[in-house]
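Colleague: Next one to model:
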Amino acid sequence: MAGFLYSEPYITAKTWFGDPDLQGTWTNSTLTTLERPSNFKTLIVSEQQAKTAALIASKGNDVYDNYLKEGETPKKGQDVGGYNTAWMDPGTKLLKIENEYRSSIIISPKNGKLPWDAKKRREYFSKDARRKFKRTDHPELRGVGERCVVGFGSSGGPPMMNVLYNNNYQIVQSQGYVLIMAEMIHDSRIIRLEGSHLPQLMDPWMGDSIGRWEGDTLVVETTNFNWQHVHRAALRHYFAISKNAKITELFKRISDTEILYRFRVDDPSLYKSAWVGEMPLRAQSDKIYEYACHEGNYAMANILAGARAEGK
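Modeller: The predicted structure is shown next:
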């Protein structure tokens, strides 16, 4: 993957042990979706198009319309859903890089679409494939996002994707390591610097990440993906990462308030070609608070108990 060609020079501060300093709290919330919507024909869009997109989103005319508005009471027989819009925080603007608004996170292929292998895509979206993670006879055969093992939609990454809410990250560095903690499910990915990959039989939930510095850019290569973390589904994006994939990420501080984040997915078992995306991580002054998911939640026990009752 080619390095960054960012036109504005920026001198990155160093940590006390000499590595470029990426530490802080960051967000990747944005209206920009992984794939390019049909109403946009190019990667770069005008300021007026960006303003229109933000205005439409502010009025609720988007994918979240299916959810109840704040204070709304569901009608008899209506699906109450899991949330209402008061809890949603996907972002309010299209992402901007070098003062240019983007219509998609994907920059390659040029059409802004995932380069699926058609046969593999059919398999991925098949009922049988989805049923594998909807079993009701064992708690460890539900989807990993539902089980609160990792964040849904690839929020913890890699690649780190913006989702419904909690799009915040904290980066902490020490000698030989970089830690990225995602707010969603408090996923923590520890990147070993100048190391080697684990044996293939060892497959952490977010893969095995090793990194190196190329100038002021952190380059991270991740392999050994867990077979249960194949499906990466959110309301605005659906993709898959096979256990044989390799994902390369670049992190470069481009200002006091932004890190430019780029990733490349090499996964020939699912895609016809590699695909590349990029987005800014923007500095946040707020703290990241504890994320609670299944604490005090009766849903899993009720799912399993309901299935047993239905089986009888």
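Colleague: And stretch 86-104, end to end?
Modeller: Between the opening and closing residues of stretch 86-104 there is a gap of 25 Å (C-alpha to C-alpha, to the nearest Å).
Colleague: That one: which residues count as buried?
Modeller: For stretch 86-104, the neighbour count (16 or more other C-beta atoms under 10 Å) marks 88, 89, 90, 91, 94, 95, 96, 97, 101, 102, 103, 104 as buried. The C-beta positions use only the backbone N, C-alpha and C, and glycine is treated the same way.
Colleague: Same check on stretch 228-247?
Modeller: Here stretch 228-247 shows 228-241, 243, 245-247 as buried, counting by 16+ other C-beta under 10 Å.
Colleague: before we move on, what about stretch 32-39?
Modeller: 32, 33, 34, 35, 36.
Colleague: avg pLDDT for it?
Modeller: For stretch 32-39, the mean pLDDT works out to 94.
Colleague: C-alpha coordinates for it, PDB please?
Modeller: Provided in PDB are the C-alpha atoms of stretch 32-39 (Å, rounded to 0.1, in the frame of the first residue of the first chain):
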ATOM      1  CA  THR A  32     -19.700   9.100   4.900                       C
ATOM      2  CA  THR A  33     -20.300   5.500   4.300                       C
ATOM      3  CA  LEU A  34     -17.900   2.700   3.500                       C
ATOM      4  CA  GLU A  35     -19.300   2.300   0.000                       C
ATOM      5  CA  ARG A  36     -20.300   5.100  -2.300                       C
ATOM      6  CA  PRO A  37     -24.100   5.700  -2.400                       C
ATOM      7  CA  SER A  38     -25.800   5.800  -5.800                       C
ATOM      8  CA  ASN A  39     -26.600   9.500  -5.600                       C
END
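Colleague: Give me the contact list for it.
Modeller: Residues outside stretch 32-39 that contact it (C-beta atoms under 8 Å, 6 or more residues apart in numbering): 43, 91, 94-95, 102-106, 111-114, 161, 236-237, 239, 277, 279.
Colleague: Point out where this protein drops to low pLDDT.
Modeller: 1-8, 60-72, 78-85, 127-135 (pLDDT under 70).
Colleague: end-to-end on stretch 283-300?
Modeller: Terminal-residue distance, stretch 283-300 (C-alpha to C-alpha): 36 Å.
Colleague: What residues of that stretch count as buried?
Modeller: 284, 288, 291.
Colleague: re the thing from before, now intersect the buried residues of stretch 86-104 with the strands, please.
Modeller: With strands defined by DSSP state E, the entries of the buried residues of stretch 86-104 inside them are 96, 97, 101, 102.
Colleague: Dump those to a markdown table, plus distance to residue 198.
Modeller: As requested, these are exported to a markdown table (distance: C-beta to C-beta, whole Å):
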| residue | distance to residue 198 |
| --- | --- |
| 96 | 37 |
| 97 | 34 |
| 101 | 40 |
| 102 | 35 |
